[in-house]
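Student: model this:
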Amino acid sequence: MSVTEEQAAVLALTRATAGPWHHTARVVEAAGSALRLVRGDLGGLGGHDRAHAARVLARLRPGDLGRAEALIASCPAALVTVLDDGYPGNLAYAYNLQPFLWVRGRLEAGDHRSVAVTGDAPGACAAARALAAAGLTVVCDEPRTAAAAAAAGGRAIVVGPHDGQPMTGAVAVGPDGGRDGGIVAVSPFWPGTAATARTRAVTGLVTSGLAAALYAADAGDGERAAMALSQGKHVFAAPGLPWTPRLAYRGGVTVVAGIDELARQAVNLVDVTRLTTVF
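Tutor: Numbering: from 1, shown residues only. Just a heads-up that it's a prediction; the model follows:
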């Protein structure tokens with residue numbers, strides 16, 4: 001079986017999934033082959049995973065695999081699935097990892113040293129510049145935040161719906177995805193997907209999932225911070241945010257007095273965190 005056939009099988013199973021996709025991602029991981037699942041081989045799966053796989057298989061339609069292969073061939077972005085060695089390690093450790101990512105540019109090994117920056121407040125761009133200057137990759141869902149990191153000479157991963165093209169805004173993705181480009185665009189959605197409440201939620205969980213930690217600069221970032229904590233990420237927060245006391249009692253939240261302290265503590269955190277699987 002070829003890599004493209006396995007990738008197409010992941011897409012076909014995802015297309016046939018009713019409800020959140022992360023359970024399908026875990027079942028594919030557990031099986032070790034999406035193509036084997038498509039062919040009806042559920043050997044080695046536990047009871048819950050076997051039941052989920054059976055429900056997904058019941059929704060597969062004739063020609064789904066061929067349509068998935070055609071989609072891969074037509075999309076200008078590269079595809080990475082949970083079965084590929086290039087699947088980002090930070091996201092692989094999240095319970096709600098997604099089955100596939102379309103990538104415009106190139107993810108690099110050092111991108112596991114990363115901090116997600118939420119929101120579109122002025123503090124988000126300032127944080128992105130400081131984190132980039134400190135040598136960390138910035139993960140975000142706002143093009144302005146990504147552009148701020150790139151302008152500081154760093155790398156940024158910007159998450160959201162796109163058709164393999166740079167996201168809307170002042171974002172220039174390098175043709176080879178290298179350091180010259182500065183920005184990599186990642187989408188966990190089907191090409192052509194429009195922005196909705198659901199895509200915003202999934203964008204948020206992928207943004208925090210791709211990073212080692214998250215920085216919340218705005219009062220409206222409480223849900224994003226809670227999601228990051230549920231994924232096992234550390235959360236840095238600007239002072240005075242109303243949700244901080246509610247979340248901080250469980251641990252995993254650090255209030256930073258300013259951008260310089262954020263950069264210093266973030267570097268310390270990612271450099272003492274040793275993941276066995278990275279980007």
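
Student: and Thr244, what does it touch?
Tutor: 237, 253, 255 (Cβ atoms under 8 Å, 6 or more residues apart in numbering). For glycine as for every other residue, the C-beta is placed from the backbone atoms N, C-alpha and C.

Student: List only buried entries from the residues you listed.
Tutor: Buried by 16 or more other Cβ atoms under 10 Å: 237, 253, out of the contacts of Thr244.

Student: any chance of the contacts of Thr244 in JSON lines, plus distance to Thr14 and pLDDT?
Tutor: Supplementary listing: these in JSON lines, determined by distance: Cβ to Cβ, whole Å; pLDDT from 0 to 100:
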{"residue": "Ala237", "distance to Thr14": "34", "pLDDT": "95"}
{"residue": "Val253", "distance to Thr14": "33", "pLDDT": "96"}
{"residue": "Val255", "distance to Thr14": "38", "pLDDT": "96"}
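
Student: Okay, and which of the contacts of Thr244 map to strands?
Tutor: Of those, the ones assigned to strands by DSSP state E are 237, 253, 255.

Student: what about the residue of the chain most remote from its centre, distance to His112?
Tutor: For the chain, the largest distance from the centre (Cα atoms, centre = their mean) belongs to Pro62, which lies 30.4 Å off. Distance of Pro62 to His112, computed by Cβ to Cβ, to the nearest Å: 41 Å.

Student: Could I get the full set of strands for this structure?
Tutor: For the chain, the strands defined by DSSP E cover 78-81, 100-104, 114-117, 137-140, 156-159, 183-187, 213-216, 234-237, 253-255.

Student: In JSON lines: these, plus distance to Ala68.
Tutor: As requested, these are exported to JSON lines (distance: least, Cβ to Cβ, whole Å):
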{"stretch": "strand 78-81", "distance to Ala68": "10"}
{"stretch": "strand 100-104", "distance to Ala68": "10"}
{"stretch": "strand 114-117", "distance to Ala68": "30"}
{"stretch": "strand 137-140", "distance to Ala68": "27"}
{"stretch": "strand 156-159", "distance to Ala68": "22"}
{"stretch": "strand 183-187", "distance to Ala68": "16"}
{"stretch": "strand 213-216", "distance to Ala68": "32"}
{"stretch": "strand 234-237", "distance to Ala68": "36"}
{"stretch": "strand 253-255", "distance to Ala68": "41"}
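
Student: quick one: which of the ones you listed is nearest Arg36?
Tutor: Among these, the nearest to Arg36 by Cβ to Cβ is strand 78-81 (14.1 Å).

Student: ok, that closest one: who's next to it in the sheet?
Tutor: strand 100-104 (antiparallel) (DSSP bridges).

Student: how about the strand it pairs with: buried residues?
Tutor: With burial defined by 16+ other Cβ under 10 Å, the residues of strand 100-104 counted as buried are 100-104.

Student: Render the CA-only coordinates of the least confident helix or strand in the chain by mean pLDDT in PDB, please.
Tutor: Within the chain, no helix or strand scores below helix 244-248, which has a mean of 92 by mean pLDDT, DSSP states H and E. C-alpha atoms of helix 244-248 as PDB (Å, rounded to 0.1, in the frame of the first residue of the first chain):
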ATOM      1  CA  THR A 244      -7.900  33.500  35.700                       C
ATOM      2  CA  PRO A 245      -9.000  32.700  39.300                       C
ATOM      3  CA  ARG A 246     -11.600  30.200  38.000                       C
ATOM      4  CA  LEU A 247      -9.100  28.300  36.000                       C
ATOM      5  CA  ALA A 248      -5.900  28.800  38.000                       C
END
